[in-house]
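**Q** coordinates only, sequence not included:
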Ligand SMILES: Nc1ncnc2c1ncn2[C@@H]1O[C@H](COP(=O)(O)OP(=O)(O)OP(=O)(O)O)[C@@H](O)[C@H]1O
């Protein structure tokens with residue numbers, strides 16, 4: 001399958017610190033790729049470079065065949081940040097309909113996205129009165145409107161209960177089955193096994209880029225958390 005994202009030699013400095021040290025990876029189209037790593041390892045920075053809002057020191061990021069951040073990508077890409085980006089003083093439905101209108105889409109598209117994230121029952125509630133997990137889902141619904149070709153989700157399952165998390169992951173795979181590419185960051189290792197591919201990042205360097213099965217085999221552990229730790233130790237020994 002063709003790659004939806006190509007990252008070559010990406011170096012990013014934030015403040016006075018180098019936070020990405022020459023990342024190179026490819027993300028195949030129509031797949032769910034997990035971006036896993038500890039807090040502060042550079043996941044959000046890599047995501048920001050992919051969505052085109054990060055100043056980069058050097059390297060190249062190509063998204064759907066165009067340089068990251070190019071204007072035509074705006075309609076092709078849905079980005080959900082860690083902080084929900086919805087209006088607190090509007091209802092779930094008003095938010096979704098507002099985003100649909102911006103894209104020239106119908107109210108029905110907005111309602112479908114709300115149902116997709118399991119918020120149909122709360123559609124008339126003000127976003128400001130929702131729980132944190134519901135607010136994240138409202139944000140996700142707005143990103144789903146218009147069926148973007150690429151969905152970049154920064155920790156979308158934080159604060160969700162196990163049933164909803166499972167539902168969201170099923171939805172991600174349905175979307176991928178229909179051709180959407182998803183890049184999903186998480187620091188929850190039990191979610192890693194749900195991805196088609198994994199990018200493991202630590203201290204701004206990629207230490208794994210493969211399927212969960214291949215990462216388990218390479219590290220000699222069925223447990224992905226343990227496999228990740230072994231990969232870290234191997235690199236420390238080699239350094
Ligand atoms: N605006 C900024 N100015 C300076 N340094 C920053 C800035 N934003 C992030 N950093 C630093 O860049 C590094 C990578 O941060 P990043 O947010 O990409 O990590 P992360 O893996 O997404 O973490 P988390 O899982 O906690 O969200 C961290 O060391 C962080 O302190």
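**A** Here it is on my side, so go on. What you see is a predicted model, and the numbers here were worked out from it, not measured in a lab.

**Q** how many neighbours does residue 224 have?
**A** Neighbourhood size, residue 224 [other Cβ atoms under 10 Å]: 23. The C-beta positions use only the backbone N, C-alpha and C, and glycine is treated the same way.

**Q** and the closest residue to it other than its chain neighbours, which of the three is it?
**A** Counting by Cβ to Cβ, 6 or more residues apart in numbering, residue 224 lies nearest to residue 192, which is 4.6 Å off, once chain neighbours are set aside. Using DSSP: H, G, I helix; E, B strand; the rest coil, the secondary structure recorded for residue 192 is helix.

**Q** ok, now how distant is residue 196 from residue 3?
**A** 13 Å (Cβ to Cβ, to the nearest Å).

**Q** Identify the contacts common to these two.
**A** Here residue 196 and residue 3 have residue 28 as joint contacts, going by Cβ atoms under 8 Å, 6 or more residues apart in numbering.

**Q** Could you chop the protein up by domain?
**A** Following automatic domain parsing, the chain resolves into domains at 3-76+152-238, 85-147.

**Q** measure the last one end to end?
**A** In this case it means domain 85-147. By Cα to Cα, to the nearest Å, the extent of domain 85-147 from end to end equals 18 Å.

**Q** Mind checking if that domain is in reach of the ligand?
**A** No: using Cβ under 6 Å from any ligand atom, domain 85-147 stays clear of the ligand, coming no nearer than 13.9 Å.

**Q** Would you mark the buried spots in stretch 49-64?
**A** By 16 or more other Cβ atoms under 10 Å, the buried positions in stretch 49-64 come out as 49-52, 54, 56, 59, 61-64.

**Q** nearest to residue 138, of these?
**A** Of all the buried residues of stretch 49-64, residue 51 has the smallest distance to residue 138: 19.6 Å, by Cβ to Cβ.

**Q** what's the distance between that closest one and the ligand?
**A** Between residue 51 and the ligand the computed distance is 13 Å (Cβ to the nearest ligand atom, to the nearest Å).

**Q** For the residue lying closest to that residue once chain neighbours are set aside, name its beta-bridge partners.
**A** Among residues not flanking residue 51 along the chain, residue 79 sits closest, at 4.8 Å (Cβ to Cβ, 6+ apart). Beta-bridge partners recorded for residue 79 (DSSP bridges): residue 152.
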